[in-house]
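S.K.: fold the following.
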Amino acid sequence: MPPCNRRRFLTLGTTTVATALAGCWGTTDSLTYADWIPATDGSILTAYLDLTISQKSSQIDPLLPLFLPSKDSSSATGVAPDFSALNQIDEPLLRLPLQTGGQLIGVSGLSLTASGLSYLVDPTQPTEGVTELFRVNDTVVGTGTIDVSKADESLRAGREDFLGEMKYDVVSEGGNYTIYQPTLDVTGAVAVSESAVLVSDSQRKVQTVIETWQGTHDRAVEENDTVKWLFDTIRSGDMVVGWLGPVHLQDFYWERMDAEPATEIVSQKDDVLSSVTFSPEGRRITAELALQDDGIASLTERQLQTKLGISGTETEMAIDGTRLSATTSYTDDDLDIEYFERTEPTPETTETPQKSPSEAAADAIPDNAFEFSHDEDKGTVRVTFAKKFDADKVTVKAVESDSEASTTTPDPVSYLNVYLAPDGDEVVVTVTVDGETFEVARKVFPSSH
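M.R.: Take a look at the predicted model:
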């Protein structure tokens, strides 16, 4: 299965893709993921997210996959800023990593979902499975602790997701990695080891990235002076995005929209790396930018500050010929962001309707197997699988909005999200057991107005 990009998902629609992301989805001391990026004579596109930050903030907006961490692990509840109005922020240095990076990371996560490995990314258990997710051009890499037996079983068995069912067979083993390709006549490759999983549109690309990490292929950060400077300048971040231009960002977006970076001075033709780091305990957000562009030398420092929209409390900027580096720290007063103590929502109890499936099918689903959680701000309902049960398929549907999500692997504590109609909606849960589909839960949610 090739990596997910705009061309593959254009026909799916925003709701389908957003719901898929909602069911799926740190801070680093150094961006070691740069060691996975192979040297090339062409352009490079990359984006990075440390998934362990979701243990500090479980609120995930599927249209803007944004994770807001706290570095203070001693706090029992954690503290996180509320960024529900992020699209109204006019700070280009923030919008570049969050909006552009969010698009690239979101589609990268969908690549795992399309390969049947979405269970590896679980924000409720951020220290298990994939803990770091990043893109290396057309290849998506997830690192962490991988159960290779479970991954092998999932890939061979196939599963039905929003792209249909896809099964894989082993085509190569060696160097601690097993490489799989689809059994159908489509391009794609998945590589699995105990510490990483890779998804790309060809076996060659997967193997090149693996060899780069293992040191048997030249690394961009060692062979390319510009790439080295970019990563030496941006050494940490909760979310990172960058490229060695020219690139075509539109190819990696899941919906048709303006793919130009949200700042006047950065274009898809430039060489750039941008990051954002959240420090809720200090009520501070830090944005960093490293940019190489021939036009920099012709601009004054004041002109550059204006184009970058730098207005934070603490700002540093350095210019060296065609290279620019900038760091700005914002407080909640700068951005009018409200911080709050993160608490887990109290799940609502399932209302089980009176239904008469066959006795064998009914016995397969225990009482109170599903829990509803309503997020009024986002207009979504999460249906959590609270108990273990065997089913061929589980489908959650919002009747009025027609938002729907389904899974063929309803593991305990996993969940599905759907979007509600603004004027009120009704969410219905159905399961399929031994070929028989029947309703198991239904709940009405009032208007959000």
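S.K.: can you give me the domain boundaries for the protein?
M.R.: The chain breaks down into these domains under automatic domain parsing: 6-335, 345-445.
S.K.: those domains: lowest mean pLDDT?
M.R.: Set side by side, the domains of the chain give their lowest mean pLDDT on domain 6-335, at a mean of 75.
S.K.: what are the ranges of the helices in the chain?
M.R.: Using DSSP state H, the helices found in the chain span residues 6-9, 14-24, 92-95, 101-114, 148-157, 203-214, 220-223, 225-233, 301-308, 332-335, 359-363.
S.K.: about what we covered before: could you dump the domains of the chain into CSV and include mean neighbour count?
M.R.: Every residue, glycine included, has its C-beta placed from N, CA and C. CSV is the format used below for the domains of the chain (neighbours: other C-beta atoms under 10 Å):
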stretch, mean neighbour count
domain 6-335, 19
domain 345-445, 17
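S.K.: please enumerate the strands of the stretch 301-449 of the chain.
M.R.: Along the stretch 301-449 of the chain, counting by DSSP state E, counting those that start in this stretch, strands occupy 314-320, 323-331, 339-341, 348-349, 370-375, 380-385, 393-398, 404-407, 415-419, 425-433, 436-445.
S.K.: contacts only, for Tyr415.
M.R.: Tyr415 is in contact with Gly23, Arg382, Val383, Thr384, Phe385, counting by C-beta atoms under 8 Å, 6 or more residues apart in numbering.
S.K.: next: Leu155.
M.R.: Going by C-beta under 8 Å, 6+ apart, the list of residues near Leu155 reads Ser115, Gly116, Leu117, Lys167, Tyr168, Tyr180, Val190, Val192.
S.K.: mind putting the residues you listed in TSV, distance to Gln103 included?
M.R.: Shown next, in TSV, are these (distance: C-beta to C-beta, whole Å):
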residue	distance to Gln103
Ser115	20
Gly116	23
Leu117	21
Lys167	29
Tyr168	27
Tyr180	27
Val190	23
Val192	26
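S.K.: distance to Asp185 added to the helices of the chain, as CSV?
M.R.: Below are the helices of the chain laid out as CSV (distance: least, C-beta to C-beta, whole Å):
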stretch, distance to Asp185
helix 6-9, 16
helix 14-24, 24
helix 92-95, 41
helix 101-114, 16
helix 148-157, 17
helix 203-214, 15
helix 220-223, 33
helix 225-233, 36
helix 301-308, 48
helix 332-335, 50
helix 359-363, 36
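S.K.: out of those, nearest to Asp377?
M.R.: helix 14-24 (13.8 Å; C-beta to C-beta).
S.K.: so which of the contacts of Tyr415 is the closest to Leu230?
M.R.: Closest to Leu230, out of all of the contacts of Tyr415 and judged by C-beta to C-beta, is Gly23, at 33.7 Å.
S.K.: contact partners for the spatially closest residue to Leu244 that is not a sequence neighbour?
M.R.: Spatial nearest neighbour of Leu244, chain neighbours left out: Ile44 (4.1 Å); criterion: C-beta to C-beta, 6 or more residues apart in numbering. By C-beta under 8 Å, 6+ apart, Ile44 lies in contact with Ile37, Asn137, Ala220, Val227, Trp243, Leu244, Val247.
S.K.: nearest to Phe389, out of the residues you listed: which one, please.
M.R.: Asn137 (40.9 Å).
S.K.: so the closest one sits against Leu45, correct?
M.R.: Yes - contact criterion C-beta atoms under 8 Å: Asn137 and Leu45 qualify, at 5.6 Å.
S.K.: coming back round to it: now, the contacts of Leu155 that are in strands?
M.R.: Judged by DSSP state E, strands contain the following of these: Tyr168, Tyr180, Val190, Val192.
S.K.: turn these into CSV, including distance to Lys393.
M.R.: Below are the ones in strands among the contacts of Leu155 laid out as CSV (distance: C-beta to C-beta, whole Å):
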residue, distance to Lys393
Tyr168, 20
Tyr180, 23
Val190, 23
Val192, 25
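S.K.: tell me the one among these nearest to Val266.
M.R.: Val190 (33.1 Å).
S.K.: verify the stated contact: the closest one with Leu112.
M.R.: No - Val190 lies out of contact with Leu112 (C-beta under 8 Å); the separation is 9.1 Å.
S.K.: give the residues shared as contacts by the two.
M.R.: With C-beta under 8 Å, 6+ apart, Val190 and Leu112 have common neighbours Val197, Val199.
S.K.: still on that earlier bit, of all the contacts of Ile44, which comes closest to Ala318?
M.R.: After measuring the contacts of Ile44 against Ala318 - C-beta to C-beta - the closest member comes out as Val227, at 18.5 Å.
S.K.: can you tell me how far that closest one sits from Asp218?
M.R.: 11 Å (C-beta to C-beta, to the nearest Å).
S.K.: hey, what's Glu288 bridged with?
M.R.: Ser275, Thr327 (DSSP bridges).
S.K.: show me what contacts it?
M.R.: Taking C-beta under 8 Å, 6+ apart, one finds Leu93, Thr233, Ile234, Gly237, Ser274, Ser275, Val276, Thr277, Ser325, Ala326, Thr327 in contact with Glu288.
S.K.: the residue nearest to the third one when sequence neighbours are not counted: what's it in contact with?
M.R.: By the measure of C-beta to C-beta, 6+ apart, the closest residue to Ile234 outside its immediate chain neighbours is Leu273, 4.5 Å from it. Neighbouring residues of Leu273 by C-beta under 8 Å, 6+ apart: Leu230, Phe231, Thr233, Ile234, Val240, Val241, Gly242, Leu289, Ala290.
S.K.: check these and tell me the two furthest apart.
M.R.: Thr233 and Val241 (14.2 Å).
S.K.: ramachandran angles for Ala364?
M.R.: Backbone torsions for Ala364, taken as degrees, to the nearest 10, come to phi -70, psi -20.
S.K.: show me what the closest residue to it other than its chain neighbours is bridged to.
M.R.: Nearest residue to Ala364 in three dimensions, chain neighbours excluded: Val433, at 4.8 Å (C-beta to C-beta, 6+ apart). Taking DSSP bridges as the rule, Val433 bridges to Glu436.
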